[in-house]
Every structure is written in structure tokens, then in C-alpha cells.
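> 3D model of this:
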Amino acid sequence: MKIGDKVRFLSETGGGKVAGFQGNNIVLVEDEDGFQIPFPINEVVLIGEDNYATSKLVSSKMAAESKQNGIEPDGRSIKTLLKDGQDDVDVSLNEEDKYDTVDDEKEVTFRAPVEERKGGNMLSAYIAFVPMDINNVTSTRFETYFVNDSNYYIQFCYMIAEGNSWNLKYKGEVEPNTKLYIEEFGRDALNDMNHIAVQFISYKLEKGFILKPSVDAQFRIDPVKFYKLHTFQDTQFFESPALLYSLIVDDVPARPLVIDPKALKKEMFASADNEKKESQEHVGSYIRRYEDGKNGNAFKIKHRGDDDIVVIDLHADELLDTTAGMNTADILNYQMKKFRDILAEYANKKGQKIVFIHGKGEGVLRSSIINELHYRYKKYAYQDASFQEYGYGATQVTIR
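Presented below is the predicted three-dimensional model:
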């Protein structure tokens with residue numbers, strides 16, 4: 001409705017044309033005599049309508065008021081339109097300005113709060129080997145995992161020995177109370193994985209924690225174990241059986257494969273009086289398995305072909321009929337005494353080759369022999385003995 005429109009009164013006869021408005025609710029209607037009559041706007045109707053209903057007039061008024069209040073003609077507010085996902089866009093905008101954009105390449109930095117478990121503040125971690133098909137253990141491939149059974153984050157390096165050097169296979173961070181996949185391997189890789197090392201540090205994020213020492217763990221794996229079903233046991237970490245190697249358990253690091261040479265030297269090179277005393281107390285009571293009764297030689301000695309290589313087996317069950325009442329230190333001292341006696345017996349035979357079979361085990365006896373050769377018998381040459389003849393656990397010494 002605008003000035004000049006012809007209108008008719010609804011509640012009484014008469015009408016005229018619109019001469020003006022007073023506020024939002026009063027329209028001034030000028031009659032045929034030129035008088036302007038104020039009339040409620042909802043009591044007049046434009047001439048030419050098919051009916052005299054006020055719905056259209058009221059609707060027009062409401063539309064105007066709604067627009068002033070930020071409400072669109074379909075009844076939705078601007079806030080609602082934004083929430084509905086930008087269905088109504090301005091077609092005049094450039095294509096890149098019409099819609100919000102999301103940067104998919106932006107790094108996600110949010111971390112969900114860690115749920116700590118009771119007892120998890122004692123550091124425990126493992127390396128796990130899991131058969132991919134436990135029902136076909138003789139031909140299956142395997143998966144390697146780092147298992148973090150603690151409330152700490154762990155940053156670690158997983159390495160495999162290659163001769164005298166190391167090859168880094170994986171480095172990463174594993175979250176608390178989780179396991180992290182490292183790699184998949186087949187049986188063809190087992191011979192290259194006999195010596196493994198793991199180094200790591202532990203910490204917590206966004207909260208105080210008790211400082212834990214860094215861990216340097218080394219261990220050897222026997223490829224034969226991967227062909228035996230009973231090697232793989234049920235654990236709380238996997239749904240299928242797995243082979244676990246402990247790195248640290250309840251804050252106690254696994255026994256290191258490499259022995260501290262200084263500590264070993266201090267223990268082995270004790271005073272002569274103490275060594276003599278121990279010999280009188282222990283060695284005299286041992287039962288010797290190979291005693292010929294003639295020259296006091298208490299060892300089983302083998303000669304091989306024309307090379308005349310002497311082979312000495314230092315395993316405890318080869319040297320002794322029984323180890324009852326002996327601890328590991330007693331056995332090691334006895335084995336090392338026999339090692340020294342053999343070298344003393346052949347000290348004047350230059351060029352003589354002697355193979356000492358010590359086995360793999362934890363590597364304690366081998367480390368003791370190597371340290372002895374390094375500090376006491378520096379002029380003697382030594383090397384790993386033939387793998388084909390003696391396996392991995394033998395060292396060959398050449399008298400010079």
C-alpha cells in the first residue's frame with residue numbers, strides 16, 4: 001500500500017485514496033470531498049482485491065517488520081541459515097569466497113588426554129614377535145611390535161647388528177599402555193636378526209613425572225625358536241600367541257647382553273691371595289669329568305685332521321659331573337680357570353690353534369674369555385671359530 005492507492009473501508013461504507021501515513025498503524029484516507037480521514041491500516045483494503053480479507057495486508061506488514069528484525073521471508077533467521085550449512089549464498093560472490101574452506105594439509109596437534117592405569121608408573125616395555133598365521137608356524141611371516149606397558153610416553157630406536165656396525169630399522173614414539181607396529185619380516189631375514197638393540201627414553205606430557213633412566217637393551221634371538229609352536233605363548237597384549245623379549249620390567253632393566261669390561265676386569269683380576277683361597281674352597285671339591293689320572297689334565301681334548309686344532313668344550317655339563325651347590329659365579333670361575341690352564345699348557349707351542357666352545361647363551365662366558373684375551377693375553381690372536389663346524393658359540397685362539 002502506497003500513497004495514491006484507492007482503498008475501501010471494511011467496517012463501514014466509503015473509501016478514498018491514500019494520502020499518507022501516521023506511524024505504522026494509521027493510514028490517511030482522502031474522501032471525495034477532500035477530507036483526510038485517519039483509519040486503522042488493518043481496516044482498509046485496496047480496491048480491486050477479489051476478497052476483503054486482511055491476510056495479505058497483515059502479511060505484508062509482518063514481512064516488513066521481520067526484515068527489520070533480521071528474519072528472512074521463509075521464517076528463518078540469519079543465524080539459522082548459517083547453521084544450516086550456507087544453503088543460501090550470494091551468487092554475486094567469487095567462487096572461492098562463497099564457501100568456507102578447510103586446510104586438509106594442516107597438522108593436527110590435538111592430543112586426547114592419556115588415561116593412566118593403576119600400577120602403570122612402573123616402567124615396563126617389550127619387543128614382541130607375532131606370527132601372522134599361528135596355525136602354519138613353519139612357513140608364516142612375522143610382525144614386530146614395541147609394547148609399552150606403562151603410563152609413560154616412550155621415544156625409542158630399534159636396531160639390528162650388521163657385523164661390527166648397526167642398522168637403524170625404526171624410530172618413533174609409542175603412547176602409554178599401547179603397542180606400536182614396527183615391521184613385517186619373513187624367515188629369510190631371521191639369520192640377519194640374531195643381534196638386536198633397543199634404546200629409549202620415557203616421559204609424560206603436560207604433567208609432572210618421576211624421571212626414569214634411559215634404557216639400552218640388547219638381546220640375541222635363536223632362529224630355531226621361530227620354527228617351534230611352543231615358543232609363542234599367550235600374552236595380555238595380543239589376541240594370538242607371541243614371543244616377548246623384555247627390555248625393562250617394573251623399572252628393572254633386562255640383564256644387558258654386553259658386560260661392563262671394567263667391572264668384569266675388577267672381578268676377574270682379584271688379588272692372588274683371594275683367588276688362591278677360592279680355589280682351595282671350591283675347585284678342590286669339584287668332581288672332574290675328564291681326569292686321566294696321569295698328567296693331571298682335566299679336559300676333553302680333540303684333535304682335528306692334519307691341522308692339529310685342539311678343541312676344548314667349556315660347557316659346565318662337559319667339565320663337571322654335577323653343579324650341585326654351585327652358583328653361577330662359581331661355575332664361571334671354574335670355566336675361566338680351565339681356560340687359563342689350557343693356554344698355559346700350550347704357551348710354548350707357537351702357532352697352535354685352540355677352539356674354545358662356550359655356547360651362545362647370555363654371552364657371559366664369551367665376554368669373559370674376550371676380556372681375558374684383551375687384557376692378559378694381548379699377544380694371542382683370536383677370532384670366531386668356524387660356524388659350520390662349531391656353530392655361533394665358539395672362539396678360536398692362536399698361540400703367538
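
> and the helices in this structure?
55-68, 78-83, 95-98, 261-268, 272-281, 316-319, 328-345, 364-375, 387-390 (DSSP state H).

> by mean pLDDT, show me the worst of those helices.
Lowest mean pLDDT within the helices of the chain: helix 272-281, at a mean of 48.

> and this protein, split by domain according to the record?
6-86, 125-253, 261-398 (automatic domain parsing).

> okay, these in a markdown table with distance to R117 next?
Every residue, glycine included, has its C-beta placed from N, CA and C. Below are the domains of the chain laid out as a markdown table (distance: least, CB to CB, whole Å):
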| stretch | distance to R117 |
| --- | --- |
| domain 6-86 | 41 |
| domain 125-253 | 6 |
| domain 261-398 | 32 |
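
> can you list these in CSV and add mean neighbour count and distance to G119?
Compiled in CSV, these are given as follows (neighbours: other CB atoms under 10 Å; distance: least, CB to CB, whole Å):
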stretch, mean neighbour count, distance to G119
domain 6-86, 13, 47
domain 125-253, 15, 9
domain 261-398, 15, 29
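
> where among the ones you listed is the average confidence lowest?
Per-stretch averages of pLDDT across the domains of the chain put domain 6-86 at the bottom, with a mean of 69.

> go through the domains of the chain and name the closest to K118.
domain 125-253 (9.4 Å; CB to CB).

> the closest one: how far from the chain's middle?
The chain centre lies 9 Å from the centre of domain 125-253; the measure is CA atoms, centre = their mean, to the nearest Å.

> just stretch 322-330 next, same as before
41 Å.

> now do stretch 116-130
With CA atoms, centre = their mean, you get 11 Å for stretch 116-130.

> how confident was the prediction at the residue nearest to K349 when sequence neighbours are not counted?
Distances taken as CB to CB, 6 or more residues apart in numbering place I399 nearest to K349, at 5.7 Å, with adjacent residues excluded. Listed pLDDT for I399 reads 91.

> what's around I399, how many residues?
I399 sits with 18 neighbouring residues when counted by other CB atoms under 10 Å.

> hmm, K350 and it touching each other?
Yes. Using CB atoms under 8 Å, I399 is in contact with K350, at 5.9 Å.

> ok, E173 - contacts?
Y153, I154, Q155, F156 (CB atoms under 8 Å, 6 or more residues apart in numbering).

> pretty sure V27 sits against V45.
No. Using CB under 8 Å, V27 makes no contact with V45, being 11.0 Å away.

> overlap in contacts of the two?
With CB under 8 Å, 6+ apart, V27 and V45 have common neighbours V7.

> any idea how far R366 is from A19?
According to CB to CB, to the nearest Å, A19 and R366 sit 117 Å apart.

> the residue nearest to K349: what's it in contact with?
Shown in contact with I399 (CB under 8 Å, 6+ apart): L343, Y346, A347, K349, K350, G351, Q352, K353, I354, Y380.

> and these as CSV, adding distance to N191?
Output for those, formatted as CSV (distance: CB to CB, whole Å):
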residue, distance to N191
L343, 32
Y346, 34
A347, 37
K349, 36
K350, 36
G351, 33
Q352, 32
K353, 26
I354, 27
Y380, 30
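
> what's the closest of these to P113?
Nearest to P113 among these, counting by CB to CB, is Y380 at 61.0 Å.

> surely that closest one and Q396 touch.
No. Y380 is not in contact with Q396 according to CB under 8 Å; the separation is 10.5 Å.

> pick out whichever of the contacts of E173 sits closest to K338.
Nearest to K338, judged by CB to CB, of the contacts of E173 is F156 at 40.7 Å.

> distance of the spatially closest residue to that closest one that is not a sequence neighbour from Y390?
Sequence neighbours aside, F200 is the residue nearest to F156 in space, at 3.5 Å (criterion: CB to CB, 6+ apart). Distance, F200 to Y390, using CB to CB: 35 Å.

> who's in contact with D317?
With contact set as CB under 8 Å, 6+ apart, D317 has these partners: T323.

> how close does it get to Y158?
35 Å.

> equivalent analysis for Y377, please.
Y377 is 36 Å from Y158, by CB to CB.

> ditto for D251
The spacing between D251 and Y158, counted by CB to CB, is 21 Å.

> ok, N136 next?
Noted for N136: a distance of 26 Å to Y158, by CB to CB.

> swap in R8?
Per CB to CB, R8 is found 94 Å from Y158.

> repeat for L332
Noted for L332: a distance of 31 Å to Y158, by CB to CB.
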